[in-house]
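In: Structure here, sequence nowhere to be found:
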C-alpha cells in the first residue's frame, strides 16, 4: 500500500540519502583494498592492507552512528525508521565482513590465495559497486523502482555465483591440500569471503522491502 502522507513529506528530509551513498562509497573503497589484500603474498603488505580496511570500517561506523543520531532527531523520514535502520545495518555488515576477511588474511598469512579467492574478491567488488549505484539512485525510489529492483536481482545473482565458486573450491581443497594447517587457514578465509556476498545480498533484500512498501 502506498503511503501518500509519507510521499508528500519525504522530499523535505533528503539528508539520509547522501549518507547512504557515503556508506556505500566506504564499501567500494574497502572492497578495492580487499582485492589487493587477497592478491598480495607478502605478510607486511597483507597487514598494511588490513589496517587500511580497518580504517574504512571506522569511517563506516561513524557514518552509521550519524544516521542513527539523525534518525532520533528527525520528525519526518523518507521511509519507516525500522527500514532505515535495517538498510544502514546491512550495508555496515558488508563493511564488517570485508574487514573480517582481511583480518583473517593478515593473521593467518596463508600461502598465496588461489584464483578462486580472487574470484570471490572480485564478486565482492561487484557487489560494492552495485550497492553504490543503488544508493545513488535511491532517492528516485518512487519514480524508478524497476531500476532498484534490478540492483536487488543482480546482488542475488552474484550471491548464487559466489556459492558456486566457494563450493567448487572446497571440493578441490579437500581433494588436493595435504597440509592440514593451510587447509584450515584458507578454508576460513574463503568462508569469510563467501559470507561477505551473503551480506551484500541482504542489502538487496532491504532495498526490495522498501520498494514493496513505498514505490
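Out: Right, received. Where do you want to start? Keep in mind that this is a model prediction, so the values were computed, not measured.
In: Going by C-alpha atoms from here, please, whenever you check contacts or count neighbours.
Out: Will do.
In: Pull up the gap between the residue nearest the centre of the chain and residue 85, please.
Out: What sits nearest the mean C-alpha location of the chain, by C-alpha atoms, centre = their mean, is residue 94, with 3.1 Å. Separation of residue 94 from residue 85 (C-alpha to C-alpha, to the nearest Å): 15 Å.
In: Next up, the contacts around residue 34.
Out: By C-alpha atoms under 8 Å, 6 or more residues apart in numbering, residue 34 lies in contact with 49-50, 53, 98, 101-102, 121.
In: same deal with residue 71?
Out: 77, 81.
In: Can you give the distance of the helix or strand it falls within from its chain's centre?
Out: Using DSSP states H and E, residue 71 sits within helix 43-73. Counting by C-alpha atoms, centre = their mean, to the nearest Å, helix 43-73 is centred 13 Å from the centre of its parent chain.
In: any idea of the mean pLDDT for that helix?
Out: Averaging pLDDT along helix 43-73 gives 95.
In: Report the buried residues of that helix.
Out: Within helix 43-73, the residues scored as buried using 16 or more other C-alpha atoms under 10 Å are 46-54, 56-57, 60-61, 63-64, 67-68, 71.
In: next structured bit after it?
Out: Later in the chain than helix 43-73, the nearest helix or strand by DSSP H and E is helix 81-108.
In: now the angle from that next one to helix 43-73?
Out: For helix 81-108 against helix 43-73, the angle by axes from the mean of the first three to the mean of the last three C-alpha atoms, to 10 degrees is 170 degrees.
In: Report the angle between the longest helix anywhere in the chain and helix 81-108.
Out: Ranked by residue count and defined by DSSP state H, the top helix of the chain is helix 180-214. In terms of direction (the same axes, to 10 degrees), helix 180-214 departs from helix 81-108 by 170 degrees.
In: Which elements pack onto helix 180-214?
Out: The helices and strands touching helix 180-214, judged by 3 or more C-alpha pairs under 8 Å, 6 or more residues apart in numbering; DSSP states H and E, are helix 81-108, helix 115-137, helix 145-176.
In: Show me what the last one is packed against.
Out: Same thing as helix 145-176. When contacts are defined as 3+ C-alpha pairs under 8 Å, 6+ apart, helix 145-176 sits against helix 115-137, helix 180-214.
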